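Visitor: generate coordinates for the sequence data below:
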Amino acid sequence: MKEKTSGRIEIKEMEPSVFGTMLRFIYTNAVPPELDVKKEATAAATTLAQHLLVAADRYGLGRLKAMCERRLADSIGVGSAAATLALAERHGCSQLKAKCVEFIAGGSRGNLDAVMETEGFKDLMLSSPSLMAELLVAAHGRKN
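Guide: Okay, the predicted model is just below:
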């Protein structure tokens, strides 16, 4: 392996801050402050949780992944619901996925209309027809 001779290991597709937070978690087993669900979620904390969820899934860190999932579930909003739904689907987060579907299709008609106007929803329509079908079924069930 080239890492043996180069003295460097390159981690691709991960921001240094995300890697640092993940590494601190691995060595200390401490909850990153940004993931503390007792604190108000900020946009930065939500973004970090999204990136950490991907990293935790990639490296098999189940506890960290669950913490990220809880933080994201607590911060679902109109602007983030569709993107979070796609993330939950890609990384096998069934509880987070259910919360997103409930927010989008099971909430008010206003939520659904507002989410449908977001770029995340437009991306979801193009990239995941199966999720769109699930949303349609959930929205239809809400009307009955």
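
Visitor: for residue 33, give me its contacts.
Guide: residue 39 (C-beta atoms under 8 Å, 6 or more residues apart in numbering). Yep, even glycine has a C-beta here, placed from its N, CA and C like the rest.

Visitor: now with 10 Å?
Guide: 21, 39, 45 (C-beta atoms under 10 Å, 6 or more residues apart in numbering).

Visitor: so which strand or helix has the first one?
Guide: Read it as residue 21. helix 16-28 (DSSP states H and E).

Visitor: who are the packing partners of that helix?
Guide: helix 43-58, helix 62-74 (3 or more C-beta pairs under 10 Å, 6 or more residues apart in numbering; DSSP states H and E).

Visitor: between the ones you listed, which gets nearest to residue 81?
Guide: Closest to residue 81 of the helices and strands packed on helix 16-28, according to C-beta to C-beta: helix 62-74, at 10.3 Å.

Visitor: on that earlier part again, buried ones among the contacts of residue 33?
Guide: By neighbour count, with 16 or more other C-beta atoms under 10 Å, these hold 21, 45 as buried.

Visitor: what's the lowest-pLDDT member of the contacts of residue 33?
Guide: Looking at these by pLDDT, the weakest one is residue 39, with 78.
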